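3D, please:
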Amino acid sequence: MTLNLLFFTVIIRKRKTSTKEYLHQQRIEKLMDEHKNRQITHQRLL
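Prediction:
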């Protein structure tokens, strides 16, 4: 009789973002919000 066992360990760590990455992400979110607002304004005019 043969017993084969296989174990996996998965480690999930929260990624630490640098200040530069954080500021970049904030800028992207701001630009996306501005773009959405422009789209809404444009749709109302039509």
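
only C-alpha atoms from now on, for both contacts and neighbour counts.
Fine.

state the mean pLDDT of stretch 39-46.
Stretch 39-46 carries an average pLDDT of 83.

CA atoms only: put that stretch into CSV for me.
Output of stretch 39-46 as CSV, limited to C-alpha atoms (Å, rounded to 0.1, in the frame of the first residue of the first chain):
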residue,chain,number,x,y,z
GLN,A,39,-19.5,62.7,-19.9
ILE,A,40,-22.5,63.3,-17.7
THR,A,41,-22.6,67.0,-18.6
HIS,A,42,-22.3,66.2,-22.3
GLN,A,43,-25.1,63.7,-22.1
ARG,A,44,-27.4,66.2,-20.4
LEU,A,45,-26.8,68.7,-23.2
LEU,A,46,-27.9,66.2,-25.9
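
chain center to that stretch: distance?
28 Å (Cα atoms, centre = their mean, to the nearest Å).

in terms of helices and strands, where is the spatially most central residue of the chain?
The centroid of the chain falls nearest to Gln25 when counting by Cα atoms, centre = their mean (8.6 Å). Per DSSP states H and E: Gln25 is located in helix 19-45.

now do that helix: distance to the chain's middle.
That offset, for helix 19-45, works out to 15 Å (Cα atoms, centre = their mean).

for that helix, packing partners?
Helix 19-45 is packed against no helix or strand, with contacts defined by 3 or more Cα pairs under 8 Å, 6 or more residues apart in numbering; DSSP states H and E.

quick one: the residue lying farthest from the centre of the chain from Glu21, how far?
Of all residues in the chain, Met1 has its C-alpha farthest from the mean position, at 49.4 Å, by Cα atoms, centre = their mean. Distance, Met1 to Glu21, by Cα to Cα, to the nearest Å: 55 Å.

one more: Arg44?
Per Cα to Cα, Arg44 is found 35 Å from Glu21.

so those two - more neighbours on which side?
Of the pair Arg44 and Glu21, Glu21 is the one with more neighbours under other Cα atoms under 10 Å, namely 11 against 8.

and that one, what is it in contact with?
Counting by Cα atoms under 8 Å, 6 or more residues apart in numbering, Glu21 touches no other residue.
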